[in-house]
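# only geometry, no sequence info:
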């Protein structure tokens with residue numbers, strides 16, 4: 001639990017010594033981290049509902065998520081975009097991703113993704129169950145992490161977060177986590193007439209396609225790739241909810 005929150009949020013949690021078993025459990029708990037972030041967003045939207053227009057609330061929500069995650073998922077998205085767009089072989093692309101600066105592919109990707117997130121959240125907040133929809137998309141965006149770290153998925157580098165968590169989640173564990181999230185989501189849908197669970201499948205598919213492309217391009221996953229997968233899943237899930245709205 002400490003590793004999950006210490007790695008995936010800005011919370012000052014002392015991270016314990018890590019082995020692959022602990023790393024796998026932390027990734028399996030990622031949806032719980034998403035749930036905590038979702039609760040923060042729900043409170044924020046309720047507080048701001050009568051104070052500012054939904055467009056400004058959407059900007060603040062996306063900004064709050066960046067703050068609570070140290071912007072590391074967005075940073076990973078930008079670095080992954082630069083690596084994929086570099087046109088270099090795997091080693092050269094990974095070297096591009098190691099650099100601290102953001103290249104043109106990263107900038108364009110960040111702008112488009114953030115705009116899509118803000119516009120989508122703003123639209124959803126005008127609907128009946130908008131805050132719940134955004135919260136559900138957040139949980140789904142973290143549900144993708146155990147799937148991106150399934151046994152058999154290699155690390156692109158011998159060091160870093162990717163090496164620690166790549167292939168660390170068994171298929172049985174991932175299946176149980178997905179089942180648990182879907183059951184809770186289905187129950188919530190019945191209780192509060194929330195979004196249909198199909199949007200979760202669309203979001204997960206979008207994120208996993210990004211992960212698959214990165215594995216084929218870089219030879220495995222890195223911490224940056226995991227960040228990109230999270231942001232891709234969140235964005236695609238939001239767009240799916242808008243399309244259904």
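That came in fine, so what should we check first? These figures come from a predicted structure and were not determined experimentally. Residues are numbered from 1 along each chain as shown.

# low-confidence ranges in this protein?
Counting by pLDDT under 70, the chain contains low-confidence residues at 16, 100, 188-196.

# now with 90?
Applying pLDDT under 90 to the chain flags the ranges 1-3, 6-7, 10-23, 49-50, 84-104, 127-132, 156-164, 166-167, 178-200, 244-245.

# centre-most residue in it?
Nearest to the mean C-alpha position of the chain, by Cα atoms, centre = their mean, lies residue 230 at 2.1 Å.

# ok, and the closest non-adjacent residue to residue 126?
residue 54 (5.4 Å; Cβ to Cβ, 6 or more residues apart in numbering). Any C-beta I mention is one placed from the backbone N, CA and C, and that applies to glycine too.

# the one you found is in contact with residue 118, isn't it?
No - with contact defined as Cβ atoms under 8 Å, residue 54 does not reach residue 118; the gap is 10.4 Å.

# circling back to that earlier point, how far away is the residue nearest to the centre of the chain from residue 19?
For residue 230, the distance to residue 19 (Cβ to Cβ, to the nearest Å) stands at 23 Å.

# neighbours around residue 19, how many?
For residue 19, the count of nearby residues is 10 (other Cβ atoms under 10 Å).

# how far away is it from residue 155?
Using Cβ to Cβ, we find residue 19 at a distance of 15 Å from residue 155.

# equivalent analysis for residue 107, please.
From residue 107 to residue 155 the distance is 27 Å (Cβ to Cβ).

# which one of those two has more residues nearby?
Higher neighbour count among residue 107 and residue 155: residue 155, with 24 against 13, using other Cβ under 10 Å.

# got phi/psi on the more buried one?
The phi and psi values for residue 155, taken as degrees, to the nearest 10, are phi -90, psi 140.

# who's in contact with it?
Neighbouring residues of residue 155 by Cβ atoms under 8 Å, 6 or more residues apart in numbering: 162, 163, 166, 167, 220, 221, 222.

# hmm, try it at 10 Å
Residue 155 makes contact with 149, 161-168, 215, 218-223, 225, according to Cβ atoms under 10 Å, 6 or more residues apart in numbering.

# can you list which of those residues are found in helices?
Mapping these onto helices (DSSP state H) picks out 161, 162, 163, 164, 165, 215, 218, 223, 225.

# which one of those residues sits in the busiest neighbourhood?
Counting by other Cβ under 10 Å, top hit in the ones in helices among the contacts of residue 155: residue 225 with 30 neighbours.

# can you tell me how far that residue is from residue 84?
Going from residue 225 to residue 84 by Cβ to Cβ gives 10 Å.

# between those two, which contacts overlap?
Overlap of the contact sets of residue 225 and residue 84 (by Cβ under 10 Å, 6+ apart) consists of 97, 210, 213, 214, 217, 218.

# picking up where we left off before, which residues are common contacts for residue 54 and residue 118?
Listed as contacting both residue 54 and residue 118 by Cβ under 10 Å, 6+ apart are residue 61.

# check which residues of stretch 55-69 are buried.
For stretch 55-69, a neighbour-count test (16 or more other Cβ atoms under 10 Å) marks 57, 58, 59, 60, 61, 62, 65, 66, 68, 69 as buried.
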